[in-house]
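Chemist: I would like the atomic coordinates for the input below:
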Amino acid sequence: MYEVKKLVKKFDKVKVLKEIDLDIKEGEKIVIIGPSGSGKSTLLRCLGRLESPTSGKIYFDNKDITKIHNTHEIGMVFQSFNLFENLTVLENITLAPIKTKLLNKKEAIKKAREYLKQIKLEDKENNYPADLSGGQKQRVAIIRALMTNPKVILFDEPTSALDREMIEEVLNLMEDVAKEGITMIVVTHELNFASNFATKVIFMDEGKILESGSPKELFNNPKTERLKEFLKG
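Modeler: Residues are numbered from 1 along each chain as shown. Just a heads-up that it's a prediction; the model follows:
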């Protein structure tokens, strides 16, 4: 799936990612944790090809995508939802597959309505994002990502802008998506979710991966003092 070699990302003279090496297999559920400013979101944006690495290589399904942008095989869900406020829910969901010619308009609308029914928002298709709660917006953003049949979906703090009840709605949908076998990479502060959801947890600090392993390994037997300190909160 993903093979990352010596990935470096600088903003001006600040090195945010420091020679990251990472392998992610198809079907894995990866959760990336770490303090603010550790490089988690920058790594995710590089994997999603929204940021260009300063140096290093990113391979996706054995293809070098280091300099490729906007592949439909990689979906992304943001903490700020990133819905188009001037488009209805249905238009937001169908825009990408129609524009990229993955589906014609009729096919896209049919598929979108099936997803909206699945998340119990079928009565909102003609509403605009301003009419939705935060949890509803994020669920719409997730099914929008699913519309292009991605092989992987990247989630950048998908629940950080939500209250507790809405967080549960979104995390439940993410669990449902994972059951379809889609590879998922999630940056989150929700450690309970990470423990129950992930097949592998990655701990980052200061632009480096300090530890990685199963949730049981990392949460029950942290090897570095930095992770021990982080888990104490």
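Chemist: what does the model give Lys200 for pLDDT?
Modeler: Per-residue confidence (pLDDT) for Lys200: 97.
Chemist: Any chance of the backbone angles for the closest residue in space to Thr148 that isn't next to it in sequence?
Modeler: Of all residues not flanking Thr148 in the chain, His72 sits nearest, at 4.2 Å (CB to CB, 6 or more residues apart in numbering). (C-beta placed from N, C-alpha, C; glycine too.) Main-chain torsions, His72, degrees, to the nearest 10: phi -70, psi -10.
Chemist: The lowest-mean-pLDDT helix or strand in the chain: what's the following helix or strand?
Modeler: In the chain, the helix or strand scored least confidently by mean pLDDT, DSSP states H and E is helix 164-178, which has a mean of 87. Using DSSP states H and E, the helix or strand that follows helix 164-178 towards the C-terminus is strand 183-187.
Chemist: So which elements touch that next one?
Modeler: strand 29-33, helix 40-47, strand 152-156, helix 164-178 (3 or more CB pairs under 8 Å, 6 or more residues apart in numbering; DSSP states H and E).
Chemist: Export these as TSV, with columns for mean neighbour count and distance to Ile143.
Modeler: Output for these, formatted as TSV (neighbours: other CB atoms under 10 Å; distance: least, CB to CB, whole Å):
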stretch	mean neighbour count	distance to Ile143
strand 29-33	24	18
helix 40-47	23	20
strand 152-156	24	11
helix 164-178	17	8
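Chemist: who wins for proximity to Leu90 among those?
Modeler: helix 164-178 (18.1 Å; CB to CB).
Chemist: what sits up against the closest one?
Modeler: Here helix 164-178 makes contact (CB atoms under 8 Å, 6 or more residues apart in numbering) with 29, 118-119, 133-135, 138-139, 142, 146, 153, 155, 158-159, 162, 184, 186, 190, 193, 197.
Chemist: Determine how far that helix lies from the middle of the whole chain.
Modeler: Centroid separation for helix 164-178 versus its chain: 13 Å, with CA atoms, centre = their mean, to the nearest Å.
Chemist: can you check stretch 101-115 too?
Modeler: Relative to its chain's centre, stretch 101-115 lies at 22 Å (CA atoms, centre = their mean).
Chemist: List the buried residues of that stretch.
Modeler: Buried residues in stretch 101-115, counting neighbours by 16 or more other CB atoms under 10 Å, are found at 103, 108-109, 111-112, 115.
Chemist: Could you tell me which of the residues you listed belong to helices?
Modeler: 108-109, 111-112, 115 (DSSP state H).
Chemist: Run the angle between the least confident helix or strand of the chain and strand 29-33 for me.
Modeler: Computed by axes from the mean of the first three to the mean of the last three CA atoms, to 10 degrees, the angle separating helix 164-178 from strand 29-33 equals 140 degrees.
Chemist: how about the helices of this protein, start to end?
Modeler: Ranges of helices within the chain are 40-47, 89-99, 105-118, 134-146, 164-178, 191-197, 215-220, 225-232, based on DSSP H.
Chemist: Contacts for stretch 221-230 next, please.
Modeler: So stretch 221-230 is contacted by 33-35, 203, 205, 210-211, 218, 231 (CB under 8 Å, 6+ apart).
Chemist: PyMOL command to pick out the buried ones of those?
Modeler: Remark: buried members of these, expressed as a PyMOL selection using 16+ other CB under 10 Å:
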select buried, resi 33+34+203+205+210+211+218
